[in-house]
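Student: next input, structure requested:
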Amino acid sequence: MSIPELADVHPAWLPPGAFRAVGARRVLVLGDGLLTGTVRAEVGHACARHGGSLEQDAAGSPDLVLALSSAAPPAVTSAGPSVGPSVGPSVARALAAAREVLAGQGGSAIGEEGYLLARRDGVTVVLAGDPAGLLYGLFHVVRLGEEAFAGERPAEPHRPAARRRMLDHWDNVDVHPVMGQVERGYSGGSIFWRDGGPRGDLARVRAYARLLAATGVNAITVNNVNVHATEAHLLTDRLGDVAAIADEVRPYGIRVHLSVTFASPMRLGGLPTADPLDERVREWWARTTEHVYAAIPDFGGYVVKADSEGQPGPFAYGRSHADGANVLADALAPFGGVVHWRAFVYNHRQDWRDRSTDRARAAHDHFAPLDGRFRDNAILQVKHGPMDFQTREPVSPVIAAMPSTRLAVELQVTQEYTGQQRHVCYLAPMWKEVLGFRPWGPGEDGDAAGDAAGDRAGRSVADVAVGASGGGGGLVAVSNVGDDFYWTGHPLAQANLYAFGRLAWDPRLEPDALLDEWIDLTFAPAQGGDPGPLRRTLHAMMDGSWRTYERYTAPLGVGFMVRPGHHYGPDVDGYEYTPWGTYHFADRDGVGVDRTRASGTGFTGQYPQPWSDVYESPGTCPDELLLFFHHVPYGHVLHDGTTVIQHIYDTHFAGVEEVAGSRRLWERAEPGDAALHARVTELLGEQLRCAEEWRDQVNAYFFRKSGVPDARGRRIP
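Tutor: Coordinates of the predicted model:
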């Protein structure tokens, strides 16, 4: 197989320089299978560029051994290995070091997609139980660079925390008259589809799969969850287009999933109903799914958005969402597939004068009563917050409310509400807060794992998504990729895609370390060298950029102060009087939504203790979420001693200054790529303009509502 290197697309975090340490060595690959062939091709390509060699003789003296445990010799005697290929003594000792760790763990299983990394006697070894693990092990060595070949390294086990690490693409086959080729896409057109059909040349899809595999992602959906007329046919007469994509991503261990409409039996099968309890409907899904697997044997499963924002669903028949999900789950079960059923269900035709309706309550109200009624291969896909990917939200209470249901936590890599890839907004710190949140409070002595008896105290959101032995629903995110040269429009937005994959593999990783990884790989100098100066500049610009964005946009947990429809730029009252919900209730006396049990919508009661009580009181509610849970006077004093109105003024002025500071830093940066420097410079100019607009609109709005001047005397329009 050939390794994709395209002239018309940025190499992102896999430039040739990232492979220098591997490609300059003698490398031995032991094992068979499609993904092992990918490993061999990657190594051969790197060695051809950097002067190393892909060893053909196992008895040689390689610097790096990448071996399947079934292909590597399990033992060595004075006469050589007892079984397997003949290897030299230094290689044998390095393999033995890895096997000692396995023995210490009570067996020889490395785990699905896992690998061991060790170094002894000048030989670095990656030992994997399956070809996917070998591929992930290779990319780990690439990340380490020269560090992988220095000194001794005790054997380290590496396993993915979650079985499914998935990216959803909101790509349309036909160009939608409002949303275009990609819904909420900020990076050009789709890499899969163009003007009603497949793009044709799928080399870019192969290159994308390679990038994703290097982060640990192992599944994608290839079409929008809002399934329009043409996209519905991907399930049947246009299935060949999906199979062609699956062929391109399979060599990198990625399984294709498909978004389908709940009404498929009617739209595609000619049935008079889509009632999930109708036997004709069940038979249609079973028969259709069998045809899908005949065309794509490693097909992952279905993704469904139902009874949401106009999409059809089981409510039309008086059925529950468990009924709807289970009919698809039953059809997929014989083939090992899963259905991801999205919990994004709410009333988008509200009366803004009705303060009893609360969009934040909706998912919990609909789904919590259904706990335990979903099939084991039905995964409830829950947005990380109760609203819609806002800059700041509490964690969704659904995540704590359904212990007998497999849950996947959904994040948004595409920056719909966080600057649309025109603003620098590194989202990994937000995701880390979400994944580390403990819905039931800390365990005994702060234990994050809970006790062996199953006590949920101390368990985090990541623990719920991962599940026991990786059997949870996993982590899912909406991709930010398009056909732009830089993949993500803004070159620095690549860091969000990279960080999602790495956090999905291991939620314990730290965002600043992931930022280092991405910088060092992406800007790896062609001839080596120290990326330190650029790393320091990008850290200063990116590490706190999510909080910078929050400062100059919506304050203290308020959401949706954006222009309706396209969601870019400020419009404080843009959604406030629409059927989509009411979000800040600002008046002359105060601001915020009362979601308390005592006097509001009761949303705080959807949380378990201690959070139900923490959020109930303004005195204990975290300041950053105050206005999400409470309507308070402008003079309400925050925990830091600042009033709400002064906090609004201060943060909006500070946010603009921080963006201006980032622009000055970038002007002096030397990324080694003049075109990239120019693109980022242009985008930082737009970010500063937009931040100033946010500052002026928000400050002016609340000054006119409250009548309270800025204590620092700064100009407010």
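Student: which residues are in contact with Gly602?
Tutor: Asp358, Arg361, Arg595, Thr596 (Cβ atoms under 8 Å, 6 or more residues apart in numbering). Bear in mind the C-beta positions are built from the backbone N, C-alpha and C, glycine included.
Student: tell me the pLDDT of it.
Tutor: You'll see Gly602 listed with a pLDDT of 98.
Student: ramachandran coordinates for it?
Tutor: Here is the backbone geometry of Gly602 (degrees, to the nearest 10): phi 80, psi 10.
Student: cool, Leu68 as well?
Tutor: Dihedral angles (degrees, to the nearest 10) for Leu68: phi -70, psi 140.
Student: mind checking how far the nearest residue to Asn699 once chain neighbours are set aside is from Val591?
Tutor: Excluding its sequence neighbours, the residue lying closest to Asn699 (Cβ to Cβ, 6 or more residues apart in numbering) is Ile716, at 4.8 Å. With distances taken as Cβ to Cβ, to the nearest Å, Ile716 is found 16 Å from Val591.
Student: over to Asp512?
Tutor: From Asp512 across to Val591, the span is 33 Å (Cβ to Cβ).
Student: more neighbours: those two, which one.
Tutor: Set Asp512 next to Val591 and count neighbours by other Cβ atoms under 10 Å: Val591 wins out with 26 against 15.
Student: shouldn't that one be in contact with His630?
Tutor: No - counting by Cβ atoms under 8 Å, Val591 sits too far from His630 to count as a contact (9.5 Å).
Student: helix, strand, or coil at the nearest residue to Pro276 once chain neighbours are set aside?
Tutor: Ranked by Cβ to Cβ, 6+ apart and with sequence neighbours excluded, the top spatial neighbour of Pro276 is Val327, at 4.1 Å. Three-state call for Val327 (DSSP: H, G, I helix; E, B strand; the rest coil): helix.
Student: Val327 - how many residues pack around it?
Tutor: A total of 25 residues lie near Val327 under the criterion other Cβ under 10 Å.
Student: hang on, it packs against Trp285?
Tutor: Yes - using Cβ under 8 Å, Val327 makes contact with Trp285 at a distance of 5.7 Å.
Student: if you average pLDDT per helix and strand, which one of the chain comes out bottom?
Tutor: strand 76-77 (a mean of 40; mean pLDDT, DSSP states H and E).
Student: shaky segments in the stretch 401-550 of the chain?
Tutor: Judged by pLDDT under 70, the stretch 401-550 of the chain has its weakly predicted residues at 444-454, 526-529.
Student: if we use 50, what do you get?
Tutor: Low-confidence segments of the stretch 401-550 of the chain (pLDDT under 50): 445-453.
Student: what ranges do the strands span in it?
Tutor: Ranges of strands in the stretch 401-550 of the chain, per DSSP state E, counting those that start in this stretch, are 407-412, 474-478.
Student: for those, give me TSV that also has distance to Thr578 and mean neighbour count.
Tutor: As requested, the strands of the stretch 401-550 of the chain are exported to TSV (distance: least, Cβ to Cβ, whole Å; neighbours: other Cβ atoms under 10 Å):
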stretch	distance to Thr578	mean neighbour count
strand 407-412	21	25
strand 474-478	23	26
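Student: Ala12 is nearest to which of those strands?
Tutor: strand 474-478 (16.5 Å; Cβ to Cβ).
Student: output that closest one as CSV, nothing but the C-alphas.
Tutor: Extracted in CSV, the C-alpha atoms of strand 474-478 (Å, rounded to 0.1, in the frame of the first residue of the first chain):
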residue,chain,number,x,y,z
GLY,A,474,-17.1,5.8,24.5
LEU,A,475,-16.4,9.3,23.4
VAL,A,476,-17.9,10.9,20.3
ALA,A,477,-17.2,14.3,18.8
VAL,A,478,-18.4,16.3,15.8
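Student: next, the angle strand 407-412 makes with that strand.
Tutor: 30 degrees (axes from the mean of the first three to the mean of the last three Cα atoms, to 10 degrees).
Student: tell me the SS of Gln181?
Tutor: strand.
Student: burial of it, as a residue count?
Tutor: Gln181 sits with 21 neighbouring residues when counted by other Cβ under 10 Å.
Student: surely it is in contact with Phe192?
Tutor: No - using Cβ under 8 Å, Gln181 makes no contact with Phe192, being 9.7 Å away.
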